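Novice: sequence and predicted structure below; questions after.
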Amino acid sequence: MNHTSRPLKETKPAARSRPRLRFSILGPVRVWRGDDELDLGPRQQRLILAILLVRAGQPVDMAEFIELLWADDPPLSAVNVVHRYVGVLRRLLEPELPSRSNGRWLLKQGSGYRLDVDADSLDLLTARRWAREAERQADTMDARGAVDSYRQSLDLWKGWCGTGLESVSRMHPAFVFVDQEASTLACKAADIALRCTRSEIVLPALRRIAARDPLDEALQARVVLCLAASGKQAEALKLYGTVRRHLQSDLGVEPGPELAAAQRNVLEHQFAEVSDRNERPDNGDRPAHTPSPAQLPPDLHAFCGRSVELSLLDNLMSGGVRVAAIDGMPGVGKSALAVHWAHQAAKQFPDGQLYLNLRGFDPQGPPTTPAEALHKLLTGLNVPLSQIPTELDDRAGIYRSLLANRKVLVVLDNAHSTEQVGPLLPGAGPSVAIVTGRNRLTGLDVQGAQMLTVELPSLEDTRENLRVRIGTARVEAEPAAADAIIDCCARLPLAVAVVAARAREKPHFTLASIAAELRATQPTLDAFVSNDAQSDVRAVFSWSYQSLNAAAARLLRLLSLHHGTEISIPAAASLAGLSARQLREPLQELTRARLLSESRPGYYVMHDLVHAFATEQADAVDSSADQRSAVVRLVMHYQHTTYALERWLPSASTTGQVPEPHDGVTPEVIDGSEAAIQALARISAAVANQIRQAGPGDRDGSP
């Protein structure tokens, strides 16, 4: 009691005799007024009090109360029911409170309520205060003091958070997070107790907490070691066998490396690291039971170039951006860029790096669902399998809570859509996510992510890539042949990798002979076949193609009939026999899938190897009559566009009557002499390309 504050009121007998309230949530939800425990009423009322206690003084809004009590099926009277329960709780906590008064404990805040508790009134906050003191003592090399403080904290954990309110208390992220907190503290206590040979001090609490979850391998491993260090080697080995049987019967797996190492150490009598120096753990304040995840795949040994993109990622992260989304055409090197940068930046993320292939374009099955992805991410963060909820929102809540105070780099590779990625992004806090995907994830752009499109590498960077892969001497000996290979690969990194692999397999082949093979197979993709589907250019393109709707897939095939450098929207509409308005959606889908690029407003280009793939698909799917009709429409588009140039080019002339365009032909609108000159140059080049591609028996049936 503070005798320096409001002294007149402190002298009143009623104030001195007012009983103290104490709250408990580390086990069953309980409240005492003085020495008397209160009857907290029906289950729903206890749930409301429980979530207020779990939030530990933070507000809980009405929506969360309603979801907690009724999930997805609240009654129309839900808000009134919550208000009524809160009113009953308020009177229960303060029976002397006048009607319609706010009271001392249960306070209205925003659309919800807050319970005004502190470390002197709530066991959860008391436990956290002791844990902070233990960490402070560990930082000052007072290991013995830290063990005693950890024991004080652990003694307050009497069971599952909110015991008696299952299944809500075992599924709701806030309750699960508190339970995970107990396991984390127990393992921290065990680690430091083992170092200063005081395992027996924490062993009772450690066993009590570990008994709740026999599948928590990290925690069970600590119990095994502490038992052995306390002279109970036989009991330690018996516990190992029990946990192993649980893992085999419940999960169908053998013990992981941590638990297996604990058993091995017991057998070798190396269960304690005896130290009288009270030294802190080698890994700083990160407990040994939760090793920082290091899941990045190996860096690409042949990675080179991309200095601009790497600098952009460095600048983004230093500028406070927490999400970067990398997109680009198939095979351009998005994943390689993300993984390479992640390896360079790994030291900036002391709490680890998570990596997950979301299989957005995978021939083996559908994309990873957000729920599946969160299960894997939570496993990577050492959440025991038994504590991972089944519901997506609950998993996302735990995931973001775990990352809130950690600096973790999350690499989400090969994403399919914003909907797939959204639940996997860290919330508030210092963690960072790098997302890669073929499709441009415009939804992330709206949410504030920085977008980065990976284009084809420069010619010099591609040469350097080839040098790294097959040797500088070999490239410098045949520079013209090397450039011919790069030209046949159209600078696509995946294609260069496939050809370089063949060159390494055949070191006695000249680069000129390899270039000749590539030219001989054009315009097909036969030269870029690989035994590994992930490296086969045709297969990689096919995964994007298979994800297209029918209209976009048809348009891609028809665009293979066009041989110009770029195509306008009216020309593409004529090729497809659609109006410009009907063409918008399939064009947008092709650009989102990065099978087509918008070179400038209203004009589109296709990569040479994508063009070859589209040609193969057209020959396999479309009849020659359909292809011929499409080419006729394209030629008529150019013809009628040329007629439209007459009014702007006085020197131009036509003979005879201008025919009406066929159905499905959309001439371009020419507005001004400058536009007419540009259109004439573009049409001349396009027609010349079409003529060069045409020949006797040509596939397009050009007239």
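Specialist: Okay, I see it.
Novice: strands of the chain, residue ranges please.
Specialist: 21-24, 30-33, 36-37, 106-109, 112-115, 323-327, 353-357, 409-415, 432-437, 450-453, 567-568, 597-600, 603-605 (DSSP state E).
Novice: what's in contact with the third one?
Specialist: For strand 36-37, the external contacting residues (Cβ atoms under 8 Å, 6 or more residues apart in numbering) are 19, 30-31. Any C-beta I mention is one placed from the backbone N, CA and C, and that applies to glycine too.
Novice: how about 7 Å then?
Specialist: Residues from elsewhere that reach strand 36-37 (Cβ atoms under 7 Å, 6 or more residues apart in numbering): residue 30.
Novice: quick one: strands adjacent to it?
Specialist: strand 30-33 (antiparallel) (DSSP bridges).
Novice: quick one: pLDDT of residue 522?
Specialist: At residue 522, the model reports a pLDDT of 86.
Novice: quick check on it: phi, psi?
Specialist: phi -70, psi 150 (degrees, to the nearest 10).
Novice: buried set for stretch 477-484?
Specialist: Buried residues in stretch 477-484, counting neighbours by 16 or more other Cβ atoms under 10 Å, are found at 478, 481-484.
Novice: go on, stretch 347-363?
Specialist: 349, 351-362.
Novice: cool, and stretch 445-457?
Specialist: Buried-residue list, stretch 445-457, by 16+ other Cβ under 10 Å: 449-450, 452, 454, 456-457.
Novice: repeat for stretch 95-110
Specialist: 97, 103, 105-106.
Novice: stretch 252-262 too?
Specialist: Neighbour count says stretch 252-262 has 255, 258-259, 262 buried, by 16+ other Cβ under 10 Å.
Novice: including pLDDT, could the buried residues of stretch 95-110 go into CSV?
Specialist: Output for these, formatted as CSV (pLDDT from 0 to 100):
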residue, pLDDT
97, 78
103, 74
105, 87
106, 88
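Novice: so which of the strands of the chain is nearest residue 395?
Specialist: strand 353-357 (13.4 Å; Cβ to Cβ).
Novice: what angle do that closest one and strand 432-437 make?
Specialist: Relative orientation of strand 353-357 versus strand 432-437 (axes from the mean of the first three to the mean of the last three Cα atoms, to 10 degrees): 20 degrees.
Novice: and the lengthiest helix in the chain, what does it pack against?
Specialist: Counting residues, the longest helix found in the chain (DSSP state H) is helix 173-195. Helix 173-195 sits against helix 43-54, helix 123-139, helix 143-154, helix 199-210, helix 217-229, helix 392-403, with contacts defined as 3 or more Cβ pairs under 7 Å, 6 or more residues apart in numbering; DSSP states H and E.
Novice: got the angle between the fourth one and helix 217-229?
Specialist: Translated: helix 199-210. Per the same axes, to 10 degrees, the angle that helix 199-210 makes with helix 217-229 is 150 degrees.
Novice: got a list of contacts for helix 199-210?
Specialist: Residues outside helix 199-210 that contact it (Cβ under 7 Å, 6+ apart): 147, 150-151, 154-155, 157, 182-183, 186, 189-190, 193, 216, 219-220, 222-223, 226-227, 229-230, 272.
Novice: same check on the last one?
Specialist: Taking Cβ under 7 Å, 6+ apart as the criterion, the residues outside helix 392-403 that touch it are 171-173, 176-177, 370-371, 374-375, 377-378, 381, 383, 388-389, 423, 426-427, 429, 431.
Novice: which regions of this structure sit below the pLDDT cut-off?
Specialist: Residue ranges of the chain with pLDDT under 70: 1-18, 100-101, 270-291, 319-320, 363-364, 643-661, 669-703.
Novice: let's have the strands of the chain in JSON lines, adding distance to residue 121.
Specialist: What follows is the strands of the chain, written out as JSON lines (distance: least, Cβ to Cβ, whole Å):
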{"stretch": "strand 21-24", "distance to residue 121": "6"}
{"stretch": "strand 30-33", "distance to residue 121": "10"}
{"stretch": "strand 36-37", "distance to residue 121": "15"}
{"stretch": "strand 106-109", "distance to residue 121": "13"}
{"stretch": "strand 112-115", "distance to residue 121": "9"}
{"stretch": "strand 323-327", "distance to residue 121": "39"}
{"stretch": "strand 353-357", "distance to residue 121": "38"}
{"stretch": "strand 409-415", "distance to residue 121": "37"}
{"stretch": "strand 432-437", "distance to residue 121": "38"}
{"stretch": "strand 450-453", "distance to residue 121": "45"}
{"stretch": "strand 567-568", "distance to residue 121": "72"}
{"stretch": "strand 597-600", "distance to residue 121": "62"}
{"stretch": "strand 603-605", "distance to residue 121": "67"}
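Novice: out of these, which comes closest to residue 292?
Specialist: Comparing those under Cβ to Cβ, the one sitting nearest is strand 353-357, at 8.1 Å.
Novice: quick one: contacts of that closest one?
Specialist: Applying Cβ under 7 Å, 6+ apart, the set of residues contacting strand 353-357 from outside is 293-297, 342, 346, 373, 376-377, 380, 408-414.
Novice: do the same with stretch 43-62
Specialist: 23, 25, 29, 40, 64-65, 68-69, 79, 82, 85-86, 88-89, 109-117, 122, 124-125, 161-162, 165, 168-169, 174-175, 178.
Novice: of the residues you listed, select the buried ones using a PyMOL command.
Specialist: Of the contacts of stretch 43-62, the buried ones go into a single PyMOL selection, burial set by 16+ other Cβ under 10 Å:
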select buried, resi 23+25+29+40+64+65+68+69+82+85+86+89+112+113+114+115+117+122+124+125+161+162+165+168+169+174+175+178
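Novice: and residue 460, how many neighbours does it have?
Specialist: Using other Cβ atoms under 10 Å, residue 460 has 9 neighbouring residues.
Novice: can you start the count at 414 instead of 1 from here on
Specialist: Let's use 414 as the start, then, which means that last one is residue 873.
Novice: OK, contacts around the nearest residue to it once chain neighbours are set aside?
Specialist: Closest residue to residue 873 apart from its sequence neighbours, by Cβ to Cβ, 6 or more residues apart in numbering: residue 718 at 8.0 Å. Residues in contact with residue 718, defined by Cβ under 7 Å, 6+ apart, are 870, 874, 877-878.
Novice: what about residue 718, distance to residue 868?
Specialist: Separation of residue 718 from residue 868 (Cβ to Cβ, to the nearest Å): 12 Å.
Novice: now stretch 504-511: how far from the chain's centre is it?
Specialist: 48 Å (Cα atoms, centre = their mean, to the nearest Å).
Novice: what does that stretch contact?
Specialist: 434, 451, 503, 516-519.
Novice: turn the residues you listed into a markdown table, columns for distance to residue 1048.
Specialist: Shown next, in a markdown table, are the contacts of stretch 504-511 (distance: Cβ to Cβ, whole Å):
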| residue | distance to residue 1048 |
| --- | --- |
| 434 | 87 |
| 451 | 88 |
| 503 | 82 |
| 516 | 84 |
| 517 | 86 |
| 518 | 83 |
| 519 | 79 |
